[in-house]
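Visitor: Got a sequence here, can you model it:
(one chain, ligands or ions: 1)
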Amino acid sequence: MALYARISRDPSGDMLGVTRQLADCRAEAERRGWAVAEEYVDDDTSAYSGKKRPSYERLLGDIADRSRDAVIVYHLDRLHRRPVELENFVATCTIAGLTDVVTLTGQFDMASGDGLLQARVLAAVAANESDSKSRRIKRKFLELAETGTPYMGGGHRPFGYQEDRATPYEPEAVIFREAAARVLEGESLYSVAASIEARGISGTKGSKMTPTALRTLLLRPRNYGMRVHQGQILGTGTWEPLISPEDGERLRLLLTDPARRKNRAARRYLLSGMLRCDRCGATLASSPRGTERRYACGLQTTKHSPCKGCYINAVNLEAFIADAVLLRLDSPALTDAMTSTEDPGQVQVLGDQISADTARMDDLAAMFADGDISRDEWKVARDRLEARVETNRKALARLTRHDALEDYIGRGETLREQWETLSLSQQVAIIKAVLEYVTIKPAMRRGFQGLDPERVVPQWRL
Ligand SMILES: [Zn+2]
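Guide: Residues are numbered from 1 along each chain as shown. Okay, the predicted model is just below:
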């Protein structure tokens, strides 16, 4: 016969030592006059976690081989914690003809219906216990998330915060704010990450500040004071945010914009993604020919396309656009446009609406957690609030896009002097702050050298 013992790591305190289980089982074997062929012991494994139990597997194999005729176990919950495991065990015993499964709380005759039913009930209860145990742990995390205290689980302190996870760690907080500001102004993650890396700054675990790592860092809601539970933003936290919630929202919208992913791969030329073909509306793409850099309409390669030959020299166009943008920055037209559309009241109104709705979502989460409303009721109400918050956030982002411009406006002349020393990404940021897109008309004058300004129609943002 076989003895089976298992120790599980149980935080509720009813941990039963393997030694005690084995001692009691041996005593039972002796009382019955059964010879113990082998003791099977699994250590520190919760059967519910789905981890392998090597000794249990071996026991099942030996039962199937008919080399064991009885099993003694302290309690059935040591043997199985999931009903499916019990069914498997019962099936193996039935095939092997083993009917003596003894627990110290009573003997189970696997062949009898009653014994099997009792075992099944016990297994179901044990499964439920494991379920509620993990529910209790999840509930605890939700509670912590709801009270707004920082999440203390998981290894290392987050970048930008001290060990208490609530007080900003200034040397890193400064870097974070700088990176956020530069990305908000339109600089690429690659460019910003490279400049951080160049200064020898790394993540909290000494990891490299790659563009991907920087993106993850900038998107982390805790950095702008948002509490998150299982990917769901629950409201504001008690800790000090590194940047304002508004800037955090703008970062999120910017970095999660689906159009961004497409642009990133294409960003080799200054005006990639910003040029439209006047004839077909397609975006012009970089399309070098020999040593000449060119932007060409996507349709130009097909044989009978109306856009065949629709391309423009990149060097000339880039110089022309840069010049136009820098002039625009110093133009009274832009200053007028800025002051006429800037409505500080509107920003305030939108901001207030967003915080009010976020607070309502907090209340809802609390009501759901307390059982005052059902999951469905919570979901319906939350979805409506989320939709409204999203709309307001987009409106806010449109209004606050001027922020990027504020850094450049009136500085056209200075920027012109620095232009050649700026990175491609910084140049792109400046251009995008003023320019929505440029329509490129087909070439009219054959053999024209240089750039025909007639072909270039800029669409200014303001
Ligand atoms: Zn075209």
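Visitor: contacts, neighbours, all on C-alpha from now
Guide: OK.
Visitor: Next, please give the residue ranges for the helices of the stretch 51-200 of the chain.
Guide: 54-64, 76-79, 83-96, 113-147, 170-184, 189-198 (DSSP state H, counting those that start in this stretch).
Visitor: so, in contact with the ion or not, stretch 424-444?
Guide: No - using CA under 5 Å from the ion, stretch 424-444 stays clear of the ion, with a minimum separation of 8.5 Å.
Visitor: How far off centre is that stretch?
Guide: How far stretch 424-444 lies from its chain's middle: 32 Å, per CA atoms, centre = their mean, to the nearest Å.
Visitor: if we can go back for a sec, just give me the lowest mean pLDDT stretch among the helices of the stretch 51-200 of the chain.
Guide: Confidence, taken as mean pLDDT, is least for helix 113-147 of these (a mean of 56).
Visitor: Could you tell me how many residues sit around the closest residue to residue 292 other than its chain neighbours?
Guide: Leaving aside its sequence neighbours, residue 292 sits nearest to residue 313 (CA to CA, 6 or more residues apart in numbering; 7.4 Å). By other CA atoms under 10 Å, the residues close to residue 313 number 19.
Visitor: The chain should start at 564 in everything you say after this.
Guide: Yes, from this point I'll number from 564; that puts the last item at residue 876.
Visitor: can I assume residue 876 is in contact with residue 857?
Guide: Yes - assessed by CA atoms under 8 Å, residue 876 is found in contact with residue 857 at 4.6 Å.
Visitor: mind checking how far the residue of the stretch 614-763 of the chain at minimum distance from the ion is from residue 970?
Guide: Nearest to the ion in the stretch 614-763 of the chain, going by CA to the ion, is residue 749, at a distance of 27.4 Å. Applying CA to CA, to the nearest Å, the value for residue 749 to residue 970 is 12 Å.
Visitor: The ion contacts on the chain?
Guide: So far as CA under 5 Å from the ion goes, the chain lies against the ion at 840, 843, 860, 870.
Visitor: out of those residues, which are inside strands?
Guide: 840, 860 (DSSP state E).
Visitor: What's the separation between residue 807 and the ion?
Guide: 43 Å (CA to the ion, to the nearest Å).
Visitor: OK, contacts around that residue?
Guide: Residue 807 is in contact with 787-788, counting by CA atoms under 8 Å, 6 or more residues apart in numbering.
Visitor: so what's residue 938 up against?
Guide: Residue 938 is in contact with residue 931, counting by CA under 8 Å, 6+ apart.
Visitor: before we move on, the earlier item: quick one: the residues of the chain next to the ion as JSON lines, columns for neighbour count and pLDDT too.
Guide: JSON lines is the format used below for those (neighbours: other CA atoms under 10 Å; pLDDT from 0 to 100):
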{"residue": "840", "neighbour count": "21", "pLDDT": "90"}
{"residue": "843", "neighbour count": "13", "pLDDT": "84"}
{"residue": "860", "neighbour count": "28", "pLDDT": "85"}
{"residue": "870", "neighbour count": "21", "pLDDT": "79"}
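Visitor: sorry, back to before: neighbour count: residue 749 and residue 970, which is higher?
Guide: The neighbour comparison of residue 749 against residue 970 (other CA under 10 Å) goes to residue 749, with 20 against 12.
Visitor: Checking the nearest residue to that one once chain neighbours are set aside next. Helix, strand or coil?
Guide: Nearest residue to residue 749, sequence neighbours excluded (CA to CA, 6+ apart): residue 992, at 4.4 Å. Here residue 992 is recorded as helix under DSSP: H, G, I helix; E, B strand; the rest coil.
Visitor: my guess is residue 992 contacts residue 744, does it?
Guide: No - assessed by CA under 8 Å, residue 992 is found out of contact with residue 744, at 11.7 Å.
Visitor: how about the strands in the stretch 864-1013 of the chain?
Guide: 874-876, 998-1003 (DSSP state E, counting those that start in this stretch).
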